[in-house]
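1. Fold the following, please.
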Amino acid sequence: MLLKRPDTDGTGVWTGLVLLGLGVVIGVLLAPFEWIASDSGGAVLEPTAEVRHLEAFLVPNEAPPPAPENGLDTLDFELTPEAAARIQDVRERAMSRGIIVQSDDDTVPMQLAFEGKTLNGTVRIKGDWTDHVDTDQWSLRVELKDGKILGMSTFSIQHPKTRGWLWEWFVLAAARREGLLAPRSTFVNVAINGNPLGIYYLEEHFSKELLESQGRREGPIVLWDEGTRWSTLLQARNVPPKGVELPVPLTASSVWSVDPAYVRAFKEKRLDGSDALARSFYSAVEKMRELQALAVSATTSHDALRRLEALDRVQGESIDTILAVDRLADMHALASLFQLQHPLIWHNMRFYHDPVLNRLEPILFDTDADHPGPRDPVVMRESALMREFGRSRTYYDGVFERLGHYCRPEYVNELMADLGEEMAVYEAALEAHYGLAGQNTPAAMVQRLRTQAGFLRTVLYPVDPINFHASYAFAEGSSGGGGEDGTGVVAGDIFVDAWSTTRTPVVVEGFEFSNGLRLSASGYLASDPDAVRVLAAGGVVLPPDGRTVRFRFPMNERLANLENVQQVLAAARAQGAARDTLDLDVDALFRPLAATAVQSEALRMRRVDPNWESEDGRPDPPTLAEALAKHACLEFRPASGQLFLRPGNWDVDGDLIVPSGYTLHASPNVRLRFDEDAVLLTDAPLVFEGVTLEPKPGLERWRGIAVLGASGRSTWKSVVVRKTDAVARAGWIVTGGITFYHSPVTMLDCVIDGTLAEDGTNIFGCDFLMERVTFRGCVSDSFDGDFVTGIVRDCLFTEGLADGVDFSGSDVTVENCRFIDMGDKGVSAGENSIVRVYGGICDQVSIGIASKDRSRVDARDMTIRGARNYALAAFVKKPEFGPTQMVVENVTIEGSGLGDQITQTGSTLVIDGVEQPTQDLDVKQLYEDKILGQ
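-> Numbers count the residues shown, from 1 in each chain. Prediction:
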């Protein structure tokens, strides 16, 4: 471990305890756990002897052997004798003390040969415990200064045993397969100074490459620093073997908890260089501190004043406002299958701050998967943070929902179908070099997963997960009333109370009557909505703590077996009292949350007091009631359970925030006018037709539309949006005047006019369709698509100051579109995108079509006229992606200002089967000259 709280750029400040406690290095370790007392009663560290000679594998080999032919890449490090001696000195001190202690001065220069290239960088010993240095394969942290290998500039290499042989690679690969953030990893051959050292496990360090390679925008990666914990252990002279915890002074016992920990980020200096990143970092730190405060406020081990302070800090905050709870739930479900415990400890947690959602997303690493933890789901583990996570219904239920996916009998087979071939290469190499045994063979690993999945299925699918209490009450005056035969209009209510019998979430889907009528549970919920979770399909998830949820629906002629009701009424008139029970033949429909099959249970009815009052709930804003009370333009239709915008012209008061989970519908002749800083925000689809959204008269802008994480597809037809700008509120940053973030959308015959935001429309991480959409007068890119798939067809982009369409990491088809009078490119493809451009025209643009950064563009049957600079351009803007290519057929080019094409050396442009000449380009200068971009 490094003896400082670093900013990870090498210029951080020393922490007080580390300066004092570790500057003295807290007494002397002659050998592990042996001390010499000074006359003053303190302890003095015995000096470390100078390195008299280098280990044999650090001495340059004049005749290095060839790299092994085992299917793995090879990394060849070259260290000077001075650098090798410094690394060896750190290792020898660690073996003497029982722990790795070092400073920035122990980071040394090196050169790395890889795939015929030599890269410069630095290297240091990596890790805390001596298992990282107790063989000749010492764990190393590598940072490259002038390039990347395998898409990484900072990574670690270590003996495979320190990461459980194949286990860590397996877990991280499984996580990334599910879209969860986890470092990339592999196995490599390593040589130092020409001396082969065998196979190492290579793992990516925390960087923007980690994020961008997995479809995330750049943002801070934060953690709770454990320096205080280590310095206190050293001061207490307790440096136990790995996995053993020895006591510290009672006054310092809090160091075992997250409470006193300091929040820091990787690469903090880089974050200061951008306003957006600095905002995001500020929000990330605040959210980490809020998460600490939530943990403190929920414990009884802290002083009352400290808990009150924590409660004051987190007023209005919850796990759902701090974390991306859906991602956390997914990760913890996977962790439950793999029986992970180590990454759940606070000082092993890492989080990425998503600037668009303004939430912390977890990153899985250092899983210790070869040492299986408890078998129960993670959500049931005991710790302050786990208890706080479990307070979120979205998180708690999400763990069980995703466990239903991971515990399917076929899941492990599907996982091995995807990863098995790569694993077989690693298995063969490791088996040949080390030998794999016991639980570390792939066969044993797969069997462990299958066994754990079988156990978890007993948790997910309890035999008797729910109980019901059903009752009915007649309305006053409902006595049959129509005559002596007792027939008349029946009025009253049926009440059903439901509660879980276990901690496994269970869903009430609805109620079914003997005539086939089925009622959706959510439409008849009478309990506080805060106590439950309503699913998009109408099911209601009960609280897992056994609290009762009430449903209420009318007893009228729509229901079956009403002759029984009439019999009860007749008996009541004749005898003055009704029977105790009523056979209405109603079934409750339910299922464990992880299940897909619905079960049923016949309800036994009991009569109750007709004055029974259902609970009124007040969920966090906005509830449906609060939204309806605030906005006269909203209309809720109970029969369909749908939320609508009323026809007419409406001046919206402040933000229009749609109640969570409600699709907002609008028919023609709706016009909404917004305040300058107001936004339309929703987490569910927008189904609009003939709607106009614009600022109030006299205002120049409003803050636009954000659809975040909608589970269904938005549909816009003939929608007009004018004068939007982007939102930047504290750590919440949205670049688009219109944003669909992980929210699929179809836009037909729409107009996007006069957007002032960085992106006129930004669609991120989803599928889309645009047809006959007009973008006019956008001050930046008209349409920006990041990590999307979709079609742009018959659209017009005109009078914009930047690109017409700009794609990153996407797969898109652009058909018969017109790009007229644009300030920059008509079509821009970047960051490993695949873009097909069929038909259409680019007229009076800076560049017609640009392909950059490992993208592939196919264009045909179109016209590029009057390009101010070039009709076609292929170049590299971001070196980490590499060369690009473009294939063009039957494209008419007329009147280009600087030339028909410009292609950078290494990239490829083929026009009608002829590969075009290339040239060396100073891309940065060409951007500054506004030739390749504005």
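2. Identify the residues contacting Gln137.
-> Going by Cβ atoms under 8 Å, 6 or more residues apart in numbering, Gln137 touches Gln158, His159, Val190, Leu197, Gly198, Tyr200. Heads up, the C-betas are built off the backbone N, CA and C, glycines and all.
3. Let me fix that, I meant to ask about Leu419.
-> Applying Cβ under 8 Å, 6+ apart, the residues near Leu419 are Phe170, Ala173, Ala174, Arg177.
4. Checking my notes, the first one in a strand, right?
-> No - the assignment for Phe170 (DSSP: H, G, I helix; E, B strand; the rest coil) gives helix, which keeps it out of a strand.
5. Please determine how far it is located from Ala369.
-> Distance, Phe170 to Ala369, by Cβ to Cβ, to the nearest Å: 7 Å.
6. Who does the nearest residue to Arg216 once chain neighbours are set aside form a beta bridge with?
-> Spatial nearest neighbour of Arg216, chain neighbours left out: Tyr352 (6.5 Å); criterion: Cβ to Cβ, 6 or more residues apart in numbering. Tyr352 has these beta-bridge partners by DSSP bridges: Ile221, Glu361.
7. I'd assumed Arg217 was in contact with Tyr352.
-> No - using Cβ atoms under 8 Å as the test, Tyr352 is too far from Arg217 to be in contact (9.5 Å).
8. Can you check which residues contact both of the two?
-> Common neighbours of Tyr352 and Arg217 (Cβ under 8 Å, 6+ apart) are Leu211.
9. which one of the two has more residues nearby?
-> Tyr352 (26 against 21; other Cβ atoms under 10 Å).
10. mind listing what the more buried one touches?
-> Contact partners of Tyr352, counting by Cβ under 8 Å, 6+ apart, are Leu181, Leu211, Arg216, Gly219, Pro220, Ile221, Leu360, Glu361, Pro362, Ile363.
11. Try it again at 10 Å.
-> Shown in contact with Tyr352 (Cβ atoms under 10 Å, 6 or more residues apart in numbering): 181, 206, 210-211, 214, 216-222, 280, 284, 324, 327, 359-363.
12. of those, buried ones?
-> Among the contacts of Tyr352, the ones that count as buried by 16 or more other Cβ atoms under 10 Å are 181, 206, 210-211, 214, 216-222, 280, 284, 324, 327, 359-363.
13. and Gly390, backbone torsions?
-> Backbone torsions of Gly390, given as degrees, to the nearest 10, read phi -70, psi -20.
14. wait, what's in contact with it?
-> Gly390 touches Ile319, Val378, Val379, Met380, Arg381, Tyr396, Val399, Arg503, Pro544, Asp545, counting by Cβ under 10 Å, 6+ apart.
15. can you tell me which of these lies nearest to Gly839?
-> The shortest approach to Gly839 among these belongs to Val399, at 48.5 Å (Cβ to Cβ).
16. Identify the contacts common to Phe170 and Ala369.
-> With Cβ under 10 Å, 6+ apart as the test, Phe170 and Ala369 both reach Gly164, Phe338, Met445.
17. Among those residues, name the ones in helices.
-> Those of these mapping onto helices are Phe338, Met445, per DSSP state H.
18. Any chance of CSV for the shared contacts of Phe170 and Ala369, columns neighbour count?
-> Listed next are the shared contacts of Phe170 and Ala369 as CSV, based on neighbours: other Cβ atoms under 10 Å:
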residue, neighbour count
Gly164, 20
Phe338, 23
Met445, 25
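19. any chance of the shared contacts of Phe170 and Ala369 in a markdown table, with distance to Val773 too?
-> Formatted as a markdown table, the shared contacts of Phe170 and Ala369 follow (distance: Cβ to Cβ, whole Å):
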| residue | distance to Val773 |
| --- | --- |
| Gly164 | 51 |
| Phe338 | 45 |
| Met445 | 50 |
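20. Put together JSON lines for the shared contacts of Phe170 and Ala369, with pLDDT and distance to Asp794 on each row.
-> Rendered in JSON lines, the data for the shared contacts of Phe170 and Ala369 read as follows (pLDDT from 0 to 100; distance: Cβ to Cβ, whole Å):
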{"residue": "Gly164", "pLDDT": "94", "distance to Asp794": "54"}
{"residue": "Phe338", "pLDDT": "97", "distance to Asp794": "49"}
{"residue": "Met445", "pLDDT": "96", "distance to Asp794": "52"}
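21. Go through the shared contacts of Phe170 and Ala369 and name the one nearest Asn413.
-> Nearest to Asn413 among those: Met445, at 13.6 Å, using Cβ to Cβ.
22. distance of that closest one from Tyr434?
-> 16 Å.
23. same deal with Asp104?
-> Remark: distance between Asp104 and Tyr434 (Cβ to Cβ) = 33 Å.
24. can you check Phe688 too?
-> Here the criterion is Cβ to Cβ. By it, Phe688 lies 61 Å from Tyr434.
25. Show me which of the two is the more surrounded one.
-> Taking other Cβ under 10 Å, Phe688 and Tyr434 do not tie; Phe688 has more neighbours (25 against 15).
26. Quick check: which element contains that one?
-> Assigned by DSSP states H and E, Phe688 belongs to strand 686-689.
27. Direction included, what does that strand pair against?
-> Applying DSSP bridges, one finds strand 686-689 paired with strand 664-666 (parallel), strand 714-717 (parallel).
28. From the rest of the structure, what touches the first one?
-> With Cβ under 10 Å, 6+ apart as the contact definition, strand 664-666 has outside contacts at 627, 633-635, 637, 640, 642-647, 656, 658, 672, 680, 682, 684-691, 693, 707, 714-716, 719.
29. and Val734, how many residues sit next to it?
-> 29.
30. What residues does the closest residue to it other than its chain neighbours make contact with?
-> Take Val734 and drop its neighbours on the chain: the residue closest to it by Cβ to Cβ, 6+ apart is Val727, 4.5 Å away. Contact analysis of Val727 by Cβ under 10 Å, 6+ apart lists 356, 655, 677-679, 681, 703-706, 733-737, 739, 757.
31. Give me the below-cutoff pLDDT ranges for the stretch 151-300 of the chain.
-> Filtered on pLDDT under 70, the stretch 151-300 of the chain yields the residue ranges 228-257, 297-300.
32. Might one say that Glu928 is in contact with Gln934?
-> No - between Glu928 and Gln934 there is no contact under Cβ atoms under 10 Å: 11.0 Å.
33. which one of those two has more residues nearby?
-> Counted by other Cβ under 10 Å, Glu928 and Gln934 do not tie: Gln934 has more neighbours, with 16 against 11.
34. And the more buried one, how close does it get to Asp781?
-> Counting by Cβ to Cβ, the gap from Gln934 to Asp781 is 10 Å.
35. who touches both of those two?
-> Residues touching both Gln934 and Asp781 comprise Leu801, Ala802, Asp803, Met822, Gly823, Asp824, Lys825, with contact defined as Cβ under 10 Å, 6+ apart.
36. I'd like to know how many residues surround the first one.
-> The tally of other residues near Leu801 (other Cβ under 10 Å) stands at 14.
37. Next: the third one.
-> A count of neighbours around Asp803, defined by other Cβ under 10 Å, yields 30.
38. tell me the contacts of Val779?
-> Counting by Cβ under 10 Å, 6+ apart, Val779 makes contact with Asp725, Gly737, Gly754, Thr755, Leu756, Ala757, Glu758, Gly760, Gly800, Leu801, Ala802, Gly823.
39. Among the residues you listed, which are located in strands?
-> Among those, the ones falling in strands (DSSP state E) are Gly737, Gly760.
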